[in-house]
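Chemist: Sequence plus predicted model, see below.
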Amino acid sequence: MSEQDREGTSSGATRSQHVVLQGPADMRMMMAAMRSGVERSRTQGAPAAPTMLVITPTVEQAQAAADVARTLLGDSGTRVVPVSGVARARRVLGAAPVSIVTGTAADLLQLRRDAALDLEGLQTVAIIGLDDVLAAHGADALQALLGDAPSEVSRVATLDTDHDGTEAFLDAQLHRARRLTPVTPADSPLAVAPQYILTPAAGRRDVLRLLLDELDPPSLVIVAGTAEAQAEVADALERLGVPVDGTAVQVVAQPTAEHVALTVLWESPATADALVAAVAMRPVHAIALLLPEELPAFQRLAGGVATVWTPVARKIAAEDRVAECCARHAVEWRGERQRARAARAAAGSFRCRGNRLCGAAVV
């Protein structure tokens, strides 16, 4: 038990409702940090008065956090608003009741000062990538925003790297927060070492085509955890003319108990157990399609054994380029050595030792 937990559960003290999740600010960590707050936000708030606020280092991460919230909600009737521009957000927030608002600390604070964001009904604040927010000089805006929030609001932060600034901030704003690490290597060893391909979400279809063209697997399982992801996979396979027959080609939410030639993880697995299950039947290839920011967490799930997948043709071409480079450098080195020997011979450094009376220069 950590020191914070001991303090939070000691006699006469109330266990802190604040939580710090240790890990990088990727999609998996966003989901872990936002899950409980999203569940409490299913009841719609008032116009411009959300029940959950998600603070991110960048506008792009605010949009990603909004997507995560919609995935967790699974309900299109619950309104989630990402703030990508303050001027437009003023109008959008007040147009209808809103449950969750995501944005940078600076943008959200500006909306608050413009009276376009009401925090009275707030229940949860999630700070994604606290160390990144502070590194981007967002401490003042973040503290001002949290200072306007009700005192009983539950605060959750994700933190990848500790330093003096983060410790001071946590002590002031998330006092006695419980420290949790949601991702740990699985107890069960991986049956095979997984591989990965880095791709934006919009590029998954093209990557799937490349995999099928390169590997031509006789059996294929694609693991997609949500109905939306499964529909996307089915559409991608249909475009390629590949029928999903439930035998040779399967699209599933959970890994199957069958040995197959290729298992594709359409998205990064949320837990170590999910990754273990995906490779349990020892597929010939197990390849995850990852967003770039998901790679650190995936490597931790895989215990550092995951490797990048490279098409054979590209790998051979790279090896040929390396061999050609080595050969060229060897020739250049020999040429340099010969020129050096010639210069030294001209200076009398090398002399014929066959006959002491000769002493001719030798090149």
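Modeler: Good, I have the coordinates.
Chemist: so where is the stretch 251-363 of the chain shaky, pLDDT-wise?
Modeler: 313-363 (pLDDT under 70).
Chemist: now with 50?
Modeler: Under the criterion pLDDT under 50, the flagged ranges of the stretch 251-363 of the chain are 315-318, 333, 348-363.
Chemist: ranges for the strands of it?
Modeler: For the stretch 251-363 of the chain, the strands defined by DSSP state E, counting those that start in this stretch cover 262-265, 285-290, 307-308.
Chemist: can you put those strands in a markdown table and add distance to residue 217 and mean neighbour count?
Modeler: In short, each C-beta sits where N, CA and C put it, glycine included. A markdown table is the format used below for the strands of the stretch 251-363 of the chain (distance: least, CB to CB, whole Å; neighbours: other CB atoms under 10 Å):
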| stretch | distance to residue 217 | mean neighbour count |
| --- | --- | --- |
| strand 262-265 | 4 | 25 |
| strand 285-290 | 7 | 24 |
| strand 307-308 | 18 | 11 |
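Chemist: between the ones you listed, which gets nearest to residue 105?
Modeler: strand 285-290 (27.7 Å; CB to CB).
Chemist: Take the strands of the stretch 251-363 of the chain and write them to JSON lines, including distance to residue 146.
Modeler: Shown next, in JSON lines, are the strands of the stretch 251-363 of the chain (distance: least, CB to CB, whole Å):
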{"stretch": "strand 262-265", "distance to residue 146": "37"}
{"stretch": "strand 285-290", "distance to residue 146": "32"}
{"stretch": "strand 307-308", "distance to residue 146": "40"}
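Chemist: Which one, of these, ends up nearest to residue 156?
Modeler: Nearest of the strands of the stretch 251-363 of the chain (CB to CB): strand 285-290, 24.1 Å.
Chemist: what packs against that closest one?
Modeler: On a contact count with 3 or more CB pairs under 8 Å, 6 or more residues apart in numbering; DSSP states H and E, strand 285-290 meets strand 195-198, helix 204-215, strand 262-265.
Chemist: what's the most buried one of those?
Modeler: strand 262-265 (a mean of 25; mean count of other CB atoms under 10 Å).
Chemist: In terms of secondary structure, what does it contact?
Modeler: With contacts defined as 3+ CB pairs under 8 Å, 6+ apart, strand 262-265 has these neighbours: helix 204-215, strand 220-223, helix 272-278, strand 285-290.
Chemist: export the second one as PDB, just CAs?
Modeler: Extracted in PDB, the C-alpha atoms of strand 220-223 (Å, rounded to 0.1, in the frame of the first residue of the first chain):
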ATOM      1  CA  LEU A 220      -7.700 -14.700 -40.500                       C
ATOM      2  CA  VAL A 221      -9.100 -13.400 -37.300                       C
ATOM      3  CA  ILE A 222      -9.600  -9.700 -36.700                       C
ATOM      4  CA  VAL A 223     -10.300  -8.600 -33.100                       C
END
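Chemist: which outside residues touch that strand?
Modeler: Strand 220-223 is contacted from outside by 208, 212, 233, 237, 242, 248-256, 258, 260-266, 278, 283, using CB atoms under 8 Å, 6 or more residues apart in numbering.
Chemist: Wasn't residue 36 part of a helix?
Modeler: Yes: counting by DSSP: H, G, I helix; E, B strand; the rest coil, residue 36 falls inside a helix.
Chemist: what's the distance between it and residue 270?
Modeler: 15 Å (CB to CB, to the nearest Å).
Chemist: cool, and residue 41?
Modeler: 20 Å.
Chemist: Looking at these two, which is more packed in?
Modeler: residue 41 (26 against 17; other CB atoms under 10 Å).
Chemist: Could I get the contacting residues of that one?
Modeler: Residue 41 is in contact with 50, 51, 52, 69, 73, 78, 99, 100, 123, 124, counting by CB under 8 Å, 6+ apart.
Chemist: From those residues, which land in helices?
Modeler: 69, 73 (DSSP state H).
Chemist: Show the buried residues in the contacts of residue 41.
Modeler: With neighbours counted using 16 or more other CB atoms under 10 Å, the contacts of residue 41 contain these buried positions: 50, 51, 52, 69, 73, 78, 99, 100, 123, 124.
Chemist: what mean pLDDT does stretch 26-41 have?
Modeler: What stretch 26-41 shows for mean pLDDT is 83.
Chemist: Send me that stretch as PDB with only the CA atoms.
Modeler: What follows is stretch 26-41, C-alpha atoms only, in PDB (Å, rounded to 0.1, in the frame of the first residue of the first chain):
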ATOM      1  CA  ASP A  26      -2.500   7.600 -24.800                       C
ATOM      2  CA  MET A  27      -5.900   6.400 -25.700                       C
ATOM      3  CA  ARG A  28      -5.800   3.500 -23.200                       C
ATOM      4  CA  MET A  29      -4.900   5.800 -20.400                       C
ATOM      5  CA  MET A  30      -7.600   8.300 -21.400                       C
ATOM      6  CA  MET A  31     -10.100   5.500 -21.200                       C
ATOM      7  CA  ALA A  32      -9.000   4.400 -17.800                       C
ATOM      8  CA  ALA A  33      -9.000   8.000 -16.400                       C
ATOM      9  CA  MET A  34     -12.400   8.900 -17.900                       C
ATOM     10  CA  ARG A  35     -14.400   5.700 -17.400                       C
ATOM     11  CA  SER A  36     -15.800   6.400 -13.900                       C
ATOM     12  CA  GLY A  37     -16.500  10.100 -14.700                       C
ATOM     13  CA  VAL A  38     -18.300   9.200 -17.900                       C
ATOM     14  CA  GLU A  39     -20.500   6.800 -16.100                       C
ATOM     15  CA  ARG A  40     -21.600   9.600 -13.700                       C
ATOM     16  CA  SER A  41     -22.200  11.900 -16.700                       C
END
